[in-house]
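Trainee: Could you work out the structure for the sequence below:
(one chain, ligands or ions: 1)
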Amino acid sequence: MTYDPPSFQHAGGSKTLTAGRLAPEPSGKAALAASTPSVPKYMHEVYSWAYLSPVGQWVFDRSVSVNAILWGNADRLIQSVEDELEAGQKVLQAACVYGDFSKRMASKVGPEGRLDVIDIAPNQVRQTRVKLSEHPQASVRIADAREPGVGELDVAICFFLLHEVPADYKPVIVNALFDSVRPGGKVVFVDYHRMAGWHPLRPIMWSVYRLLEPFAQELVDGSIPALAAQRDDIEWGPTQTFFGGLYQKIVAHRR
Ligand SMILES: C[S@@+](CC[C@H](N)C(=O)[O-])C[C@H]1O[C@@H](n2cnc3c(N)ncnc32)[C@H](O)[C@@H]1O
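Mentor: Reported below is the predicted structural model:
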């Protein structure tokens, strides 16, 4: 399925982080409106119940719900991302995640670090700002992960985002995240993966993808490295799988 790009011209959000500094913002309400991406059609058509509705947000934005959705694997998947971070780093989180994910990332980079969280949905941004209010090293803004509007990062995190976006968004997001990290930096992907043939959850997950996650099957049938443009400065690590192959983590380093 192909969606029209949302109606925006500039990088998501009005701020550009270059070598740790915020570049000057365009001034005035008009400039801000012009630079704020609108919520894409697939969010309204497919994920309204999960990410745009207040009820969905209330139900799902708690660790117990995230853990249930991930079949009890939330902590180890989140921990596997946390393990990739170090204190003092500049980190981008390419979309909000329900539960305490962002708090854990903010704590890991610590007061000397910087966590920049983006999301396409204003309600998700508002709620994540509240969650991170005690972490001055973290900021949250509206942006499309296809145009994160940052550069020179140590790490970009893409946690369960790729399976949620249409096919034409996936490669654009992957390549944009590579462009946002500095040479020597890395991009960490965690997402669904093709599970083992014997997996007892196969029929359930098949139904979940079919009914609720229409862009997930194409991700599990392919591979994350195949989404990236051929470039000599990216080195892919091995794919680590979890829980009978239902989940994957892959880290790509920028040389
Ligand atoms: C990263 S996924 C995380 C899903 C996971 N099940 C959880 O626990 O939250 C969900 C988020 O992606 C956001 N999102 C969807 N498309 C996006 C895009 N193109 N750019 C940035 N954020 C996007 C949604 O608004 C939502 O907040």
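Trainee: From here on, just use CA atoms for contacts and neighbour counts.
Mentor: Fine.
Trainee: For the stretch 51-200 of the chain, which segments are assigned as strands?
Mentor: All strands of the stretch 51-200 of the chain, identified by DSSP state E, counting those that start in this stretch, fall at 90-93, 114-119, 138-142, 153-159, 181-192.
Trainee: Make a markdown table from the ones you listed and add distance to I78, mean pLDDT and mean neighbour count to it.
Mentor: Output for those, formatted as a markdown table (distance: least, Cα to Cα, whole Å; pLDDT from 0 to 100; neighbours: other Cα atoms under 10 Å):
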| stretch | distance to I78 | mean pLDDT | mean neighbour count |
| --- | --- | --- | --- |
| strand 90-93 | 12 | 98 | 26 |
| strand 114-119 | 15 | 98 | 26 |
| strand 138-142 | 17 | 98 | 23 |
| strand 153-159 | 9 | 98 | 25 |
| strand 181-192 | 9 | 98 | 21 |
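Trainee: what about stretch 165-183, how long is it end to end?
Mentor: Its first and final residues considered, stretch 165-183 spans 27 Å by Cα to Cα, to the nearest Å.
Trainee: quick revisit: which of the strands of the stretch 51-200 of the chain sits closest to the ligand?
Mentor: Nearest of those to the ligand, taken as Cα to the nearest ligand atom: strand 114-119 at 3.8 Å.
Trainee: Mind giving me the packing neighbours of the closest one?
Mentor: strand 90-93, helix 101-109, strand 138-142 (3 or more Cα pairs under 8 Å, 6 or more residues apart in numbering; DSSP states H and E).
Trainee: Now render these as JSON lines, adding distance to S80.
Mentor: Formatted as JSON lines, the helices and strands packed on strand 114-119 follow (distance: least, Cα to Cα, whole Å):
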{"stretch": "strand 90-93", "distance to S80": "14"}
{"stretch": "helix 101-109", "distance to S80": "11"}
{"stretch": "strand 138-142", "distance to S80": "20"}
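Trainee: so can I have a markdown table of those showing distance to the ligand?
Mentor: Formatted as a markdown table, these follow (distance: least, Cα to the nearest ligand atom, whole Å):
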| stretch | distance to the ligand |
| --- | --- |
| strand 90-93 | 9 |
| helix 101-109 | 8 |
| strand 138-142 | 8 |
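Trainee: nearest to W236, of the ones you listed?
Mentor: The closest of the helices and strands packed on strand 114-119 to W236 is strand 90-93. By Cα to Cα, the value is 18.8 Å.
Trainee: Dump the C-alpha coordinates for the closest one into PDB.
Mentor: The C-alpha coordinates for strand 90-93 follow below in PDB (Å, rounded to 0.1, in the frame of the first residue of the first chain):
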ATOM      1  CA  LYS A  90      23.500  12.200  22.100                       C
ATOM      2  CA  VAL A  91      20.700   9.900  21.200                       C
ATOM      3  CA  LEU A  92      17.600  10.100  19.000                       C
ATOM      4  CA  GLN A  93      14.500   7.900  19.700                       C
END
